[in-house]
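Student: turn this into a structure:
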Amino acid sequence: MNTKARFTSLALALMLSSGATLAADLKIGVAMSQFDDTYLTYMREDMGKKAKDMGGVDLQFVDGRNDVNKQLDQVQELIGKKVDALIVNPVDTAATARITKAATAAGIPLVYVNRRPDDPKLPEGVASVTSDDKEAGRMQMEYLAKKMDSKGSVVILLGELANNSTRDRTEGVKEVLKKYPDIKITQEQTGAWQRQKGMDLTNDWLTQGRDFNAVIANNDEMAIGAAMALKSAGKKKGDVLVAGVDGTPDGLAAVKNGDLTVSVFQDAKGQGEGAIDAAVKLAKKGTLPQQAIVIPFKLITPENVNTFK
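Tutor: Below you'll find the predicted structure:
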């Protein structure tokens, strides 16, 4: 055997014996509620980058298409593939008990991301990486109340009703309004997180002749839709205040150009990376400093919007 062939054979043998370069050390199944969601798309991309940078981590994404039963089936399939850990962005936060039970019965670590399960207490080996959604609602409303001189009327665009983030963000708004009795909620309907539905609902309210001083949306996509409807109706920027949540690139651009009055930054990168860090640690039999990891929100205003990316 010549020298070149001998070294090639040796290198191949070392690769096969170590397995390090041929297969990832850890396989993590990631069950997303839906791929067709702007914020979750950014989070999914950040998770992919994080896994690539870490090395030795293989992410297997599945799309629940906003179907509770489909997501449960997908989780069962991932368990059947013997993944080392699961990350789940739940379709319905009230229906996570079956997912938790399936994962713990299989002895597979589970991390919920972005949406906190309704279960008040999670078992050992199960964690969550989320943000305090009530705080987002409080931040929106406190900012708007000052801009409104503590009086007027508001309408609320709700997210998916099956998500506790919808409930909690709206509760945060209402908590603040207890301090401002002269600000009234005149309408609240679900836009299901979607820009088109946010636009359609706002357009309907305007067509019906409803008068309101602010639109409070549970996310940026619906807020942008509302701003589009207001513009189509001939409203000038600032005539009706518009607030969102997420701080997506489109949301940041809308704050910069004045279409949105304010937004609240939900850290997609922080949530996604935090979920991977937690899943890897649990898969390696490590312990987390806390079971519920909370990524803080930050207020986005025209004055500080350029500090966000």
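Student: so which residue is dead centre in this protein?
Tutor: Asn114 (4.4 Å; Cα atoms, centre = their mean).
Student: was I right to think that one contacts Asp46?
Tutor: No - contact between Asn114 and Asp46 fails when scored by Cβ atoms under 8 Å: they sit 11.5 Å apart. In short, each C-beta sits where N, CA and C put it, glycine included.
Student: show me the contacts for Ala97.
Tutor: With contact taken as Cβ atoms under 8 Å, 6 or more residues apart in numbering, Ala97 is in contact with 117, 119.
Student: what segments of the protein are helices?
Tutor: For the chain, the helices defined by DSSP state H occupy 3-18, 38-54, 68-80, 97-106, 133-147, 164-177, 195-207, 220-232, 249-256, 268-283.
Student: adding distance to Phe61 and mean pLDDT, write the ones you listed out as JSON lines.
Tutor: JSON lines is the format used below for those (distance: least, Cβ to Cβ, whole Å; pLDDT from 0 to 100):
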{"stretch": "helix 3-18", "distance to Phe61": "27", "mean pLDDT": "34"}
{"stretch": "helix 38-54", "distance to Phe61": "7", "mean pLDDT": "96"}
{"stretch": "helix 68-80", "distance to Phe61": "10", "mean pLDDT": "98"}
{"stretch": "helix 97-106", "distance to Phe61": "16", "mean pLDDT": "97"}
{"stretch": "helix 133-147", "distance to Phe61": "24", "mean pLDDT": "98"}
{"stretch": "helix 164-177", "distance to Phe61": "21", "mean pLDDT": "97"}
{"stretch": "helix 195-207", "distance to Phe61": "23", "mean pLDDT": "98"}
{"stretch": "helix 220-232", "distance to Phe61": "21", "mean pLDDT": "98"}
{"stretch": "helix 249-256", "distance to Phe61": "21", "mean pLDDT": "98"}
{"stretch": "helix 268-283", "distance to Phe61": "12", "mean pLDDT": "97"}
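Student: looking at these, which is buried most?
Tutor: Scoring the helices of the chain by mean neighbour count under mean count of other Cβ atoms under 10 Å gives helix 220-232 as the most buried, with a mean of 25.
Student: that older thread, any chance of the helices of the chain in JSON lines, with distance to Phe308 too?
Tutor: Converted to JSON lines, these look like this (distance: least, Cβ to Cβ, whole Å):
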{"stretch": "helix 3-18", "distance to Phe308": "42"}
{"stretch": "helix 38-54", "distance to Phe308": "13"}
{"stretch": "helix 68-80", "distance to Phe308": "31"}
{"stretch": "helix 97-106", "distance to Phe308": "33"}
{"stretch": "helix 133-147", "distance to Phe308": "14"}
{"stretch": "helix 164-177", "distance to Phe308": "19"}
{"stretch": "helix 195-207", "distance to Phe308": "20"}
{"stretch": "helix 220-232", "distance to Phe308": "12"}
{"stretch": "helix 249-256", "distance to Phe308": "6"}
{"stretch": "helix 268-283", "distance to Phe308": "11"}
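Student: of all these, which lies closest to Leu26?
Tutor: With Cβ to Cβ, the closest approach to Leu26 among these belongs to helix 268-283: 5.5 Å.
Student: just the CA trace of the closest one, in PDB.
Tutor: Extracted C-alpha coordinates of helix 268-283, given in PDB (Å, rounded to 0.1, in the frame of the first residue of the first chain):
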ATOM      1  CA  ALA A 268     -37.200  35.100  19.600                       C
ATOM      2  CA  LYS A 269     -33.500  34.500  19.700                       C
ATOM      3  CA  GLY A 270     -33.300  34.400  23.400                       C
ATOM      4  CA  GLN A 271     -36.300  32.000  23.700                       C
ATOM      5  CA  GLY A 272     -35.100  29.700  20.900                       C
ATOM      6  CA  GLU A 273     -31.500  29.500  22.100                       C
ATOM      7  CA  GLY A 274     -32.600  29.200  25.700                       C
ATOM      8  CA  ALA A 275     -34.800  26.200  24.800                       C
ATOM      9  CA  ILE A 276     -31.900  24.500  23.000                       C
ATOM     10  CA  ASP A 277     -29.500  25.100  25.900                       C
ATOM     11  CA  ALA A 278     -32.100  23.700  28.400                       C
ATOM     12  CA  ALA A 279     -32.800  20.600  26.200                       C
ATOM     13  CA  VAL A 280     -29.100  19.800  25.700                       C
ATOM     14  CA  LYS A 281     -28.400  20.200  29.400                       C
ATOM     15  CA  LEU A 282     -31.300  17.900  30.400                       C
ATOM     16  CA  ALA A 283     -30.400  15.400  27.700                       C
END
